[in-house]
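Asker: Everything below, folded, please.
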Amino acid sequence: MSVANKQWFGLPLHLLWGYIAIAVFMTGDGFELAFLSHYIKELGFSPAQASFAFTLYGLAAALSAWVSGVVAEIITPQKTMFIGFVLWCVFHVLFLTFGLGHANYALILLFYGIRGFAYPLFLYSFIVVIIHNVKSENASSALGWYWAVYSIGIGVAGSYIPSFTIPLVGELGTLWMALFFCLAGGVIAMISLRNVHTPTHMHNLTTKEKLNELSRAITLLYTNRSIMYSSMVRIINTLSLFGFAVIMPLMFVDELGFSTSEWLQVWAVFFFTTIFSNIFWGIVAEKMGWMRVVRWFGCIGMALSSLAFYYVPQHFGHNFAMALLPAISLGIFVAAFVPMAAVFPALEPLHKGAAISVYNLSAGLSNFLAPAIAVVLLPFFSTIGVVIAYTALYIIAFFLCHFIRVEQPGFESSSDKTDKAVARAS
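Answerer: As a prediction, the model looks like this:
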């Protein structure tokens, strides 16, 4: 077995330091996730204004996510990751200095929005590295590890560390600490991935051909119906993740009496759970079937868990132990969507970069739409209205999964096995 094929429970060992780079970088990027909306509100802005900052951030992230897959194939994932990490560091400094530092809402929107364009270039380009360095039949488990280290960074370390540093150095000081982690993650990636195989077939394309390939990341949505349905399901996948990060600090801290540190620890438990559930569902999906896992455990599990994340704390009040239960449930079932990252390139094997770009666009749109839904519904229906909207969309995703037709490498469905059994019997 070659070095490139060595795995440990589905983790491709030759890409180990790339996974570590993602975890470290996303730790810095995740510092703000669970408290920034509350901090912006404390600076004198309304909850709707705080949510709008996240909405704009998500829109920039969606645009960046859309181009990242194809750009990574055109100029190499390593160069794309380098551009993303440099942009992140520069505009993070500007965001803290001139935006939050001066409580200037216009500059908050400007610099935070531009910074939102940076992290998907770094984060999602690594998916291209994985797809081109791991066998198709092992893609689900390799991507499960990808989302596991993502969770370790943005959720666990990114939530737990601020829960201890905020009482010591405050919110703004904690955000300055994030810069160190993103610098470290970027450097690790640049060093560890410099000799990793990456696609070269697009390097010699003309500018027109490169633009055509980039546009394919949109045209696939209407030329391949399964891609379109898959995109919708992927958008719905993380609505609660990104939406709850915006609306739940307001409910837990302002309404139920949790401290910011307690809320951050609840949120960290959610992400801590996803470390194991991402790996678990990635491996299970290779045996049970990608879409079966997504449909029955992802869609239904997230619909029920989203409701529980609201109603359990409302019923038990300021009860830290009980608040952890729906957080754990949410962490288990949000990871059941992990196989979707393998579904997209399998649906378009000749245009994997464009397919990954559609996947990334969908992930970015989820980042955008989750707070956008909150902005629209909060003034009229409060937190419960947003939660019900997310729940309804998970039910819609359940039905959309029925229309996605994908052949899973190395997997036989029950109908395939029945057909073979009938053939042998005849």
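
Asker: in the protein, which helix has the most residues?
Answerer: The residue-count maximum for a helix in the chain (DSSP state H) belongs to helix 352-400.

Asker: what's that helix packed up against?
Answerer: helix 47-75, helix 105-133, helix 207-223, helix 225-237, helix 239-249, helix 300-316, helix 340-347 (3 or more C-beta pairs under 8 Å, 6 or more residues apart in numbering; DSSP states H and E). Yep, even glycine has a C-beta here, placed from its N, CA and C like the rest.

Asker: Nearest to residue 9, out of these?
Answerer: Residue 9 lies closest, by C-beta to C-beta, to one member of the helices and strands packed on helix 352-400: helix 105-133, at 15.4 Å.

Asker: next helix or strand past the closest one?
Answerer: Next helix or strand after helix 105-133 toward the C-terminus (DSSP states H and E): helix 139-150.

Asker: by how many degrees do the longest helix of the chain and helix 225-237 diverge?
Answerer: Helix 352-400 and helix 225-237 are oriented at 70 degrees to each other (axes from the mean of the first three to the mean of the last three C-alpha atoms, to 10 degrees).

Asker: Give me the mean pLDDT for helix 352-400.
Answerer: For helix 352-400, the mean pLDDT works out to 90.

Asker: again with stretch 410-426
Answerer: The pLDDT scores in stretch 410-426 average 50.

Asker: one step back: will you turn the helices and strands packed on helix 352-400 into CSV that also has mean neighbour count and distance to residue 158?
Answerer: Shown next, in CSV, are the helices and strands packed on helix 352-400 (neighbours: other C-beta atoms under 10 Å; distance: least, C-beta to C-beta, whole Å):
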stretch, mean neighbour count, distance to residue 158
helix 47-75, 24, 15
helix 105-133, 23, 12
helix 207-223, 15, 29
helix 225-237, 22, 19
helix 239-249, 26, 11
helix 300-316, 19, 19
helix 340-347, 25, 21
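
Asker: And the ones you listed, which one averages the lowest pLDDT?
Answerer: helix 207-223 (a mean of 78).

Asker: Nearest spatial neighbour of residue 361, chain-adjacent residues omitted?
Answerer: Distance criterion C-beta to C-beta, 6 or more residues apart in numbering; nearest residue to residue 361, sequence neighbours excluded, is residue 66 at 3.7 Å.

Asker: make that residue 405, sorry
Answerer: Residue 405 sits nearest to residue 226 (C-beta to C-beta, 6+ apart), 5.2 Å away.

Asker: State the distance from the one you found to residue 45.
Answerer: Distance, residue 226 to residue 45, by C-beta to C-beta, to the nearest Å: 42 Å.

Asker: quick one on the thing from earlier: so the residue nearest to residue 361 sits against residue 364, correct?
Answerer: Yes: taking contacts as C-beta atoms under 8 Å, residue 66 lies within contact range of residue 364: 6.6 Å.

Asker: Who are the contact partners of residue 71?
Answerer: 80, 121, 125, 214 (C-beta atoms under 8 Å, 6 or more residues apart in numbering).

Asker: could you measure the first one against residue 209, distance?
Answerer: Taken as C-beta to C-beta, the spacing of residue 80 relative to residue 209 amounts to 18 Å.

Asker: go on, the second one?
Answerer: Spatial separation of residue 121 from residue 209 under the definition C-beta to C-beta is 22 Å.

Asker: can you list the helices and strands packed on helix 352-400 in CSV and add distance to residue 148?
Answerer: Output for the helices and strands packed on helix 352-400, formatted as CSV (distance: least, C-beta to C-beta, whole Å):
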stretch, distance to residue 148
helix 47-75, 20
helix 105-133, 13
helix 207-223, 26
helix 225-237, 16
helix 239-249, 14
helix 300-316, 18
helix 340-347, 12
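
Asker: Please consider this matter closed, and thank you.
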